[in-house]
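Undergrad: Can you look at this prediction? I've put the sequence above it.
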Amino acid sequence: MSQYSIPPVSDTLRASIQHKIDQKTKPLQALGMLEALALRIGLIQQTLTPALNNPHMLVFAGDHGIVAEGVSAYPQEVTWQMVMNFIGGGAAINVFCRQHGIQLNVVDAGVNYDFPAGLNGLLYAKVGKGTANFATGAAMTEQQAQACLEQGGAVVKDIHARGCNVVGFGEMGIGNTSAASALMHALTGIPVEQCVGRGTGLSDQALNHKVAVLQRSVQHHGIPGTPLQTLATYGGFEIAQIAGGMLEAASRGMVILVDGFIATAAFLVARAFAPAINDYAVFCHRSNERGHAQLLKHLGADPLIDLNLRLGEGTGVAVAYPIIQSAVTFLNQMASFESAGVSTSL
């Protein structure tokens, strides 16, 4: 993963997979987005009979120095408290992962808290105790950003070695919508005010303050020159580790399940390093966070569901997972016209 060079998926099987889909006992395109999803997964796995093995959800957690500017409705302590809730099994993501048989791991990428050693379900990958305040300086050094990319990659490498070929990415971090908004602006050129949303539920006045803080911040830094510099300037430790995990997943031919606004911003970072990562991603939902719809449009992504979710944690991935299973299952199990003895024409 050191060069972040990911080849596009081979198109060799496209016609064969499409033919298999079209020969199922249904009118052409009658299963809509499920057909496109089945084709995508078949191409990622380079097979006519794809399988979803040992699905994992990775929730990366980190704190953000930008909260010192009053951009969040919640105090920073909520980050570590929610991590403990994840470990205890009480959060929304725990509920949905249990419901759908997804293995959940929480990663301490950079929470401003010392977790006790040996917590079951917590992966210790802390690069620092929260980022610096990017309103006044870079959020992290380039060395820290690189370390995050490598840490995220190592987490994915480990689950792949245990038979996982489909991985979802979620996050937790008070202040991380601000980091995601700044990254979105820097990497797309979309005006700051169109990238910024209410996050944890800001009032109109607080939202205007958040926009002003981010506008000031991007004016202070300008547009950094490289993806690594951009990530170091505005990113979060958890966002950077997600980007590294996504790059590793694509390099190993895994299906990448992208959650909401923060995870999509991390994907945007990963794509800046390796554009071919687009071929390996399934965008699971459209968040109610203001910038997400614009970011999805920029990426040319058509998400599976739109339920006005804006929780993060990977909840959109977990809720959409049965749809992904259905796409694979119909491709593998639905009869063809020939096998069922059904006429294809009058």
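TA: On my side now, so go ahead.
Undergrad: so what's the nearest residue to residue 4 once chain neighbours are set aside up against?
TA: Leaving aside its sequence neighbours, residue 4 sits nearest to residue 273 (C-beta to C-beta, 6 or more residues apart in numbering; 4.0 Å). Bear in mind the C-beta positions are built from the backbone N, C-alpha and C, glycine included. Contacts of residue 273 were listed using C-beta atoms under 8 Å, 6 or more residues apart in numbering, and they are 4, 227, 243, 247.
Undergrad: so how many other residues sit close to the closest residue to the second one other than its chain neighbours?
TA: Counting by C-beta to C-beta, 6+ apart, residue 272 is the residue found nearest to residue 227 once chain neighbours are left out, at 3.8 Å. Residue 272 has 19 neighbours, counted by other C-beta atoms under 10 Å.
Undergrad: got it, and residue 104?
TA: 23.
Undergrad: residue contacts, it?
TA: Taking C-beta under 8 Å, 6+ apart as the test, what residue 104 contacts is 56, 57, 59, 86, 93, 94, 97, 121.
Undergrad: same check, this time on residue 180
TA: 239, 261, 262, 264, 265, 266, 291.
Undergrad: hmm, 6 Å instead?
TA: 261, 262, 265 (C-beta atoms under 6 Å, 6 or more residues apart in numbering).
Undergrad: picking that back up, so of the contacts of residue 104, which ones are in strands?
TA: 56, 57, 59 (DSSP state E).
Undergrad: ranking those residues by neighbours, who comes first?
TA: residue 59 leads those on contacts (other C-beta under 10 Å) with 31 neighbours.
Undergrad: Quick one: classify the residue nearest to that residue when sequence neighbours are not counted as helix, strand or coil.
TA: Once flanking residues are discounted, residue 59 sits nearest to residue 170: 4.2 Å by C-beta to C-beta, 6+ apart. Secondary structure assignment for residue 170 (DSSP: H, G, I helix; E, B strand; the rest coil): strand.
Undergrad: count of neighbours near residue 170?
TA: 31.
Undergrad: if I look at it, how far off is residue 258?
TA: For residue 170, the distance to residue 258 equals 10 Å [C-beta to C-beta, to the nearest Å].
Undergrad: now swap in residue 115 and tell me
TA: From residue 115 to residue 258 the distance is 27 Å (C-beta to C-beta).
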